[in-house]
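> Below are the sequence and a predicted model for it; my questions follow.
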Amino acid sequence: MGNFNLKNILFMKFKIIILSVLALTFFNCNSSGGSYLGEGENKGKSYSFGDAAAAKTILAIAEAYTNQDAAQMSKYYEPTFLGENGEAGSDTWLSSMNSISMKPYKIVPLSMNGGEGQQVLLWSKEERDYKNGSYERLDLMEMFYLNKEGKVAGFKQWKSIDSVNFGRAVGGKYFGKKPGEYTGRPFQFSNRNETEMLETMVGHYNKMDIKAVSSYFADQVTINGYDGKQVKLSNKELAGLFDTYKSVTWTPYSIVPIKIANTDAASGVMMFSNERRVLKSGRIWEKELMETFYFDLDGKISSVTQFAR
């Protein structure tokens, strides 16, 4: 009996110690933190966690965005957020893509102590497949400002920068032989597998497999030769391309696929190479080449412009 009472006393003391530790832990947890460092009336104010409703609103917008549903997205915006073009402008943007995939992986709602409205921080992975053939894969950090009614009233976005890529997504400038719709626009890399297609085609070319080579060309092909002559051929007329050759060796140095920014998917691919042709007559033809292969909307080569030395 005495041992039983001693056990009870020790157990009660243990419970008191545990409860005391938990109480100290609870009361030492901060319910607010951080500080607004900008100028103005909010300078120095701290932040607290916002409510779940704010986070739910932003996740609903992300779902509607992925579904390319401008009308549904607009339900969560205050009337002035989309500007003068309103929902129509948002719909135009969404309609420029075949598909969008926005996958949030972290969300934090915040309230400024003594301030109005809430902020929601969102991190997400996004993929955009544009109808003009372009493609983007993004890692985003975004900040949404919600007013007192819980509607989005402001927005900021930041993109992560690949540490191994210090280039630009667009560059250069298109002039054209005459001023036109695309004059002044920059170029961007095209990504319709043109590089892989040319590499594979070169392999077939070196094997003198005309059936495989001709499969990369459109029904009608224009060849602008290095000698200044232009030849227009049907795909069937390519059949005799290797008739006079004993062997060919085509060695690419570089392949650069580009297109004019914000246009359809047609592209031009510049390839620098060396080509050696051994004719059945014994004559050898060898040139350093710079060629531009023009890929049409169907992904076929419709023309080639060639320079040589």
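Alright, I've got the coordinates. Numbering: from 1, shown residues only.
> The spatially most central residue of the chain and Lys125, how far apart?
Ranked by distance to the mean C-alpha position of the chain (Cα atoms, centre = their mean), the top residue is Glu136 at 1.2 Å. With the distance defined as Cβ to Cβ, to the nearest Å, Glu136 ends up 11 Å from Lys125. Placement of C-beta: from N, CA and C, glycine included.
> what does Glu78 give?
When distance is defined by Cβ to Cβ, Glu78 is 27 Å away from Lys125.
> related to what we said a few turns ago, thinking the residue nearest to the centre of the chain is in contact with Glu127, fair?
Yes. With contacts counted by Cβ atoms under 8 Å, Glu136 reaches Glu127, the gap being 7.0 Å.
> just so I have it, where are all the strands in the stretch 201-309 of the chain?
Along the stretch 201-309 of the chain, the stretches classed as strands by DSSP state E, counting those that start in this stretch are 217-224, 230-234, 245-260, 267-279, 284-295, 301-308.
> I'd like these as CSV, with mean pLDDT, distance to Met208 and mean neighbour count appended.
Below are the strands of the stretch 201-309 of the chain laid out as CSV (pLDDT from 0 to 100; distance: least, Cβ to Cβ, whole Å; neighbours: other Cβ atoms under 10 Å):
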stretch, mean pLDDT, distance to Met208, mean neighbour count
strand 217-224, 97, 16, 16
strand 230-234, 96, 18, 11
strand 245-260, 96, 6, 16
strand 267-279, 97, 10, 17
strand 284-295, 97, 15, 16
strand 301-308, 97, 18, 17
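> Which one, of these, ends up nearest to Asn193?
strand 245-260 (8.8 Å; Cβ to Cβ).
> Counting by contacts, list what the host helix or strand of Gln119 packs against.
Counting by DSSP states H and E, the element that carries Gln119 is strand 118-130. Taking 3 or more Cβ pairs under 8 Å, 6 or more residues apart in numbering; DSSP states H and E as the contact definition, the neighbouring helices and strands of strand 118-130 are helix 52-66, strand 97-112, strand 135-146.
> The ones you listed: which one's closest to His204?
Closest of these to His204 is strand 135-146, at 26.6 Å (criterion: Cβ to Cβ).
> Go through the closest one and flag the buried ones.
Within strand 135-146, the residues that qualify as buried by neighbour count (16 or more other Cβ atoms under 10 Å) are Glu142, Phe144, Tyr145, Leu146.
> For the second one, give me its contacts.
Shown in contact with Phe144 (Cβ atoms under 8 Å, 6 or more residues apart in numbering): Ile58, Ile61, Gln119, Val120, Leu122, Val152, Gly154, Phe155.
> Show me the beta-bridge partners of it.
The residues paired with Phe144 through beta bridges, assigned by DSSP bridges, are Val120, Phe155.
> Could you export stretch 298-309 as CSV, CA atoms only?
C-alpha atoms of stretch 298-309 as CSV (Å, rounded to 0.1, in the frame of the first residue of the first chain):
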residue,chain,number,x,y,z
ASP,A,298,3.3,21.3,-89.8
GLY,A,299,6.9,20.9,-88.7
LYS,A,300,8.2,20.2,-92.2
ILE,A,301,11.1,21.9,-94.0
SER,A,302,9.6,24.1,-96.7
SER,A,303,12.7,26.0,-97.8
VAL,A,304,16.5,26.1,-97.4
THR,A,305,18.9,29.0,-97.8
GLN,A,306,22.5,28.1,-98.2
PHE,A,307,25.8,30.0,-97.9
ALA,A,308,29.2,28.3,-98.5
ARG,A,309,32.9,28.9,-98.5
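> ok, the residue nearest to the centre of the chain - contacts?
Contact analysis of Glu136 by Cβ under 8 Å, 6+ apart lists Glu126, Glu127, Arg128, Tyr130.
> same thing but at 7 Å, please
Arg128 (Cβ atoms under 7 Å, 6 or more residues apart in numbering).
> likewise Glu286?
Glu275, Arg276.
> Can you give me the end-to-end span of stretch 296-309?
28 Å (Cα to Cα, to the nearest Å).
> From Trp93, how far off is the closest residue to Ala64 other than its chain neighbours?
The shortest distance from Ala64 to any residue other than its chain neighbours is 3.9 Å, reached at Gln72 (Cβ to Cβ, 6 or more residues apart in numbering). Counting by Cβ to Cβ, the gap between Gln72 and Trp93 amounts to 15 Å.
> What residues are bridge-paired with Met112?
Tyr47.
> got the contact list for the helix or strand that Met73 is a member of?
Secondary-structure element containing Met73, defined by DSSP H and E: helix 70-74. Where contact means Cβ under 7 Å, 6+ apart, the residues beyond helix 70-74 that reach it are Ile61, Ala64, Tyr65, Leu82, Glu87, Ser90, Asp91, Leu94.
> and with 8 Å instead?
Judged by Cβ under 8 Å, 6+ apart, the contacts made with helix 70-74 from elsewhere in the structure are Ala60, Ile61, Ala64, Tyr65, Leu82, Gly86, Glu87, Ser90, Asp91, Leu94.
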